[in-house]
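Undergrad: sequence and predicted structure below; questions after.
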Amino acid sequence: MAIVQNPITGRSSGQFANAIFQTLLGKNVLRSKPLSIQNPRTLGQLTQRARFALIVQFLRAFLSIIRIGFKLKAIGQNAFNACISYNVSKSISGTYPDYSIDFAKIMIAQGALLKAGHAHMDENVPQAVSIGIDENCLMIDPEYNDLAYGLFYNLTKNSFMTSMGINKRSDWGVNVVPELWEVGDVVHGWVFYTSPDGSKVSDSVYAGSTTLIGG
């Protein structure tokens, strides 16, 4: 807004093109005309909003582990937003409005550290759920001390558990001990590593899914 001593309209109020003249506290002022704010519902916008809402709803529960997994990718943004930015374009399948999460493509960590070898869900019972990892036999000694992080998502109950750096790479896997998971529940798993000081992070690896069996 600008103060106008001699409005070109010759008066102290009125409108000219996109400018509005008026008298405010005894002074002539010029302000821009407010833009018309619209919220068009084009297919492109609806598509993007639906994809964004779906991925945010899924990932927001895992914020604590995402802050570790995506911290090195958080350039000019926070770790969660960096994770959302990647997964909204890579981890959703289907067409509008029938979208679904492609669990195999979900990434909860990204980095240059050596990632896990072949990770797989073990034959799990509700009392102990684990991811086994067939590591690369060519690992050098320092890598055995990398910390392992696991995410276990119970699709049936829409609940999750994490293993936050309790295990090392040399343990060849991660595990959790649920309290309320039951036989027949379907559980998906992911695992990644960080260096002991947290300065390096690996890509996460999807370990697949398992249906919990009786003990």
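TA: Cool, got the structure. Remember, predicted model here, so these are calculated numbers, not experimental data. Numbers count the residues shown, from 1 in each chain.
Undergrad: every contact and neighbour count from this point should use C-alpha atoms.
TA: OK.
Undergrad: run through the neighbouring helices and strands of the longest helix along the chain.
TA: In the chain, with assignment by DSSP state H, the single longest helix is helix 43-59. Packing contacts for helix 43-59, counted by 3 or more CA pairs under 8 Å, 6 or more residues apart in numbering; DSSP states H and E, involve helix 79-90, strand 98-101.
Undergrad: note down every partner strand of the shortest one and its orientation.
TA: Under the criterion DSSP bridges, strand 98-101 sits next to strand 92-95 (antiparallel) in its sheet.
Undergrad: got a pLDDT number for the nearest residue to residue 181 once chain neighbours are set aside?
TA: Leaving out its chain neighbours, the residue that sits closest to residue 181 by CA to CA, 6 or more residues apart in numbering is residue 126, at 5.4 Å. Looking at residue 126, its pLDDT reads 94.
Undergrad: hang on, the earlier thing: for the helices and strands packed on helix 43-59, which one ends up most surrounded?
TA: Greatest average neighbour count among those goes to helix 79-90 (a mean of 19), per mean count of other CA atoms under 10 Å.
Undergrad: thinking again about what came up before, list the buried ones in the longest helix of the chain?
TA: Residues of helix 43-59 classed as buried by neighbour count (16 or more other CA atoms under 10 Å): 50-52, 55-56, 59.
Undergrad: residue 160 against residue 152, yeah?
TA: Yes - contact criterion CA atoms under 8 Å: residue 160 and residue 152 qualify, at 5.5 Å.
Undergrad: more neighbours, those two?
TA: Taking other CA atoms under 10 Å, residue 160 and residue 152 do not tie; residue 152 has more neighbours (25 against 17).
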